[in-house]
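J.: only geometry, no sequence info:
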DNA sequence: TAAGTTTGTGCGAAGTACAAACATACTGCC
DNA sequence: GGCAGTATGTTTGTACTTCGCACAAACTTA
């Protein structure tokens, strides 16, 4: 039997800029799963089950995962010996009797994680334990328009102050940064409000300085991981995190994994267009979501409507004023919520995630704001039978969510834990 | 050591409509990968490598997958014995010498796949071989507003006519349908232009009638799979398919898998909003992408601009008239391309897929239309260094792509092939 | 003819998950 | 107190899969 080299009915014309699929080199990558990666995956999943469900005995974990008890023992035992996990006190069995279960959880004495939150002009660093506790918090300011060397020195000093308080070398350092980040290569590409950070290959620099694994990702993605770890996204397989503030961004958790997109550039929702030829955005386009659903819009609109102190308006303030009976605030809040809803609507129509966690300014409005957004989304979206859309806020401990998320980034790469 | 049942720092307030995470039942699902599923996955990947790369020898496959040659032999041998694959004639080695390679590919004698394309008022069925050849094509019309029983009888007859020409029982039947589809449950939820289809549990009905596995998905997703299989998406790990016509839809292939979203409702791009409070859409909202980038808009706009025969305008016609020097056509084409570009822009900002295959009307405009769209996207998107965005059309054999895609849907479920 | 190269196939080793059986530790009942 | 019942965690042997090594087969080049 004779084969043609390529089946002849390969259709499709390509527009000029399309790259050929690895020409000559003779093939597209496939990757088979080897025996050892299988173990690695399963180890990661057991750890994730512990994160999602809290302390659990071997037998419970086995039931949860639908596998044999011995399998769990095999996975968990080496981790206990390594000091990563510990066995807790026996929990007496219920009325049915039986041998008491020994719950297992993360060892408080296990190495911690270093976390960095990088916002324009401001650095926060801390240590995070495997069970999510934050310690050795340290803060510093820097000049967003200054010299890179000066910034780096401040960062290193701040981070050193934090890391020196760990009694063992941490697993690694996770960085959450504002702006446009290339998470594959560990480079900050650009930060609108802090030009000093542009082009900084931060991962390489810190990796060398501290001799620890370092990962970086953009701020919304850290919020997402923080939500997944100890926030409203806990245990969820699919949801999105949305951040509104001076800028607007998002991140997705899809089918049990953080979605990054090519070079980690997915989730730049602020510059999706919801109003063709609308207001000018500072990205140069017109009608970006950010132009109608972020703080600058809210301030401008508050001024237009004649609210007091428009330059200091926030969603939290609006909610308070609505409670006090202000009709103008009510209108503005509703308009704001509606504008936020349009972006979420688009996301819902595109990815159908059904669950959204709000952060930043809008989250400051708490459940009231979330409910307003939810009702607008509900009204706009083409719903299917039995479909429910959940809008949650995670406004408490905003910075802490980002820091925990930054730490979580390390886990997902270092421990091969898909968090 | 004593553990709390739940860590106390579980943050986040929930808005009322948020469902609890499996309350009571005590835990979130985890699934560990078992030994046998590993084998299944790898078998699927080898098959996919054959689809993507055409006939390949065992040694080549091993190199492609980065695994041992013996592993490939172990995977491939049973499939040859089963008659799914065949060994081709030996290909003489190149100048370096060596034993001639025996390429392996799909057996033309292997069972085929049944494919159904369901558009408002029109049924197409055919058989597709594992190597993508189409045969036993059969067509029928039905009344979009008629009785369900009548429609079902027509469908069964048409499909029977096709299936009876197969010399062996096919692997299964794949259906690509217009409208809103619940692919998890195999139900057509609603089709705007064909109410007769609404609520039809087509998978169950055909599965019982033909005693074969049946899968269904919506039209754009079938186009996507068709692209992935033998179109411009071949071998790509990440791309999107966009369909424009009377309606507008899309589908995504992300990291080597078809993205479906919850209940298969992802990709309903037509009703993402690009113009808040814009023109009324037949979904009841205002300013959906569909209102500015589908055929109804094009016809309306052509009429407004005074083009001849505005009711029969298509992208293909516009391209032709532009080539003939019509300035009005040029302007309209550009406006159309720009409107299409906005939706792609939003997708790019959201998911960063970098590669888009156009179908339907806009694809009728060929490379010229694709290039117009590409240049608009290029101008609008916030590009990163080294990022290239590819816009391709797959206009040739439109229906064939959908039919191949429908067949491909079967593979992905029946052969556990992640296509 | 000899050396070199590549393909495809046995065979044993290593790693992983699973099933059955067993020791352990508790409850409940007599 | 003794015994049955129940659940947990471990031991042991089995099955499956991939990998490395060795080797025969088939071809090219010198």
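T.: Nice, thanks for sending it over. What you see is a predicted model, and the numbers here were worked out from it, not measured in a lab. Numbers count the residues shown, from 1 in each chain, chains lettered A, B, ... in the order given.

J.: now stretch A:85-101, how far from the centre of its chain.
T.: Its chain's C-alpha centre and that of stretch A:85-101 lie 35 Å apart, by Cα atoms, centre = their mean, to the nearest Å.

J.: and for stretch A:343-358?
T.: On the basis of Cα atoms, centre = their mean, stretch A:343-358 is displaced by 15 Å from the centre of the chain it belongs to.

J.: name the helix or strand for the residue of chain A found nearest DNA strand D, please.
T.: As assessed by Cβ to the nearest atom of the strand, DNA strand D sits closest to residue A:98 within chain A, at 2.2 Å. Backbone N, C-alpha and C define where each C-beta goes, glycine included. Using DSSP states H and E, residue A:98 is not contained in any helix or strand.

J.: and residue A:266, by the same measure?
T.: Secondary structure (DSSP H and E) places residue A:266 outside all helices and strands.

J.: roughly how far apart are the nearest residue to it once chain neighbours are set aside and residue A:133?
T.: Excluding the flanking residues, the one nearest residue A:266 by Cβ to Cβ, 6 or more residues apart in numbering or on different chains is residue B:352, at 4.4 Å. Distance of residue B:352 to residue A:133, given as Cβ to Cβ, to the nearest Å: 34 Å.

J.: do the same with residue A:359
T.: Counting by Cβ to Cβ, the gap from residue A:359 to residue A:133 is 21 Å.

J.: which one of the two has more residues nearby?
T.: residue A:359 (28 against 15; other Cβ atoms under 10 Å in any protein chain shown).

J.: for the nearest residue to the more buried one once chain neighbours are set aside, phi and psi?
T.: Spatial nearest neighbour of residue A:359, chain neighbours left out: residue A:243 (4.4 Å); criterion: Cβ to Cβ, 6+ apart. Main-chain torsions, residue A:243, degrees, to the nearest 10: phi -120, psi 130.

J.: mind giving me the domain split of chain A?
T.: A:35-106, A:113-225+A:402-414, A:233-393 (automatic domain parsing).

J.: can you redo those domains as CSV with mean pLDDT?
T.: Formatted as CSV, those follow (pLDDT from 0 to 100):
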stretch, mean pLDDT
domain A:35-106, 85
domain A:113-225+A:402-414, 93
domain A:233-393, 92
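
J.: can I get the ones you listed in CSV with distance to residue B:275?
T.: Listed next are the domains of chain A as CSV, based on distance: least, Cβ to Cβ, whole Å:
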stretch, distance to residue B:275
domain A:35-106, 41
domain A:113-225+A:402-414, 25
domain A:233-393, 5
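
J.: and those: which comes nearest residue B:237?
T.: Evaluated with Cβ to Cβ, the domains of chain A place domain A:233-393 nearest to residue B:237, the distance being 9.6 Å.

J.: tell me how far the ends of the closest one are from each other?
T.: End-to-end distance for domain A:233-393: 10 Å, by Cα to Cα, to the nearest Å.

J.: repeat for stretch A:281-296
T.: Stretch A:281-296 end-to-end distance (Cα to Cα) = 11 Å.

J.: for that stretch, list every residue counted as buried.
T.: A:281, A:283, A:285, A:287-296 (16 or more other Cβ atoms under 10 Å in any protein chain shown).

J.: for stretch A:138-147, same thing?
T.: For stretch A:138-147, using 16+ other Cβ under 10 Å, the buried residues are A:138, A:140, A:142, A:144.

J.: one more: stretch A:330-339?
T.: A:330, A:332, A:333, A:335, A:336, A:337, A:338, A:339.

J.: which residue packs closest to the fourth one, ignoring adjacent ones?
T.: The spatial neighbour of residue A:335 that comes closest, neighbours along the chain excluded (Cβ to Cβ, 6+ apart), is residue A:301 at 7.0 Å.

J.: okay, now that neighbour: neighbour count?
T.: As a measure of burial, residue A:301 has 18 neighbours, counting by other Cβ under 10 Å.

J.: pretty sure the residue nearest to residue A:359 contacts residue A:267?
T.: No - assessed by Cβ atoms under 8 Å, residue A:243 is found out of contact with residue A:267, at 9.7 Å.

J.: which neighbours do these two share?
T.: Counting by Cβ atoms under 8 Å, 6 or more residues apart in numbering or on different chains, the residues touching both residue A:243 and residue A:267 are A:220, A:249, A:250.

J.: secondary structure of the last one: a strand, I assume?
T.: Which is residue A:250. Yes - judged by DSSP: H, G, I helix; E, B strand; the rest coil, residue A:250 forms part of a strand.

J.: and the closest residue to it other than its chain neighbours, what does it touch?
T.: Closest residue to residue A:250 apart from its sequence neighbours, by Cβ to Cβ, 6+ apart: residue A:269 at 4.1 Å. By Cβ under 8 Å, 6+ apart, the contact set of residue A:269 is A:242, A:248, A:249, A:250, A:289, A:343, A:347, B:349, B:350.

J.: residues near the closest residue to DNA strand C within the stretch 151-300 of chain A, how many?
T.: Proximity of the stretch 151-300 of chain A to DNA strand C (Cβ to the nearest atom of the strand) peaks at residue A:256, 16.8 Å away. Number of residues near residue A:256 (other Cβ under 10 Å) recorded here: 16.

J.: hang on, isn't it packed against residue A:237?
T.: Yes - Residue A:256 lies in contact with residue A:237 (Cβ under 8 Å); the separation is 5.1 Å.

J.: apart from its chain neighbours, what residue comes closest to residue A:383?
T.: residue A:389 (7.7 Å).

J.: backbone dihedrals for that neighbour, please?
T.: phi -110, psi 130.

J.: touching, it and residue A:378? I think so.
T.: Yes - under the criterion of Cβ under 8 Å, residue A:389 makes contact with residue A:378 at 6.3 Å.

J.: neighbour count: those two, which is higher?
T.: residue A:389 (20 against 15).

J.: now the more buried one: how far from residue B:234?
T.: The value you get for residue A:389 to residue B:234, if Cβ to Cβ is used, is 36 Å.

J.: phi, psi of the residue of the stretch 301-419 of chain A at minimum distance from chain B?
T.: Using Cβ to the nearest Cβ, the closest approach of the stretch 301-419 of chain A to chain B is made by residue A:352 at 3.2 Å. Dihedral angles phi and psi of residue A:352 (degrees, to the nearest 10) take the values phi 50, psi 60.

J.: how about the contacts made by it?
T.: B:261, B:262, B:263, B:265, B:266, B:268.

J.: adding neighbour count and distance to DNA strand C, write the residues you listed out as JSON lines.
T.: Putting the contacts of residue A:352 into JSON lines (neighbours: other Cβ atoms under 10 Å in any protein chain shown; distance: Cβ to the nearest atom of the strand, whole Å) gives the following:
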{"residue": "B:261", "neighbour count": "21", "distance to DNA strand C": "29"}
{"residue": "B:262", "neighbour count": "17", "distance to DNA strand C": "27"}
{"residue": "B:263", "neighbour count": "19", "distance to DNA strand C": "28"}
{"residue": "B:265", "neighbour count": "24", "distance to DNA strand C": "32"}
{"residue": "B:266", "neighbour count": "24", "distance to DNA strand C": "31"}
{"residue": "B:268", "neighbour count": "27", "distance to DNA strand C": "37"}
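
J.: brilliant, that's me finished.
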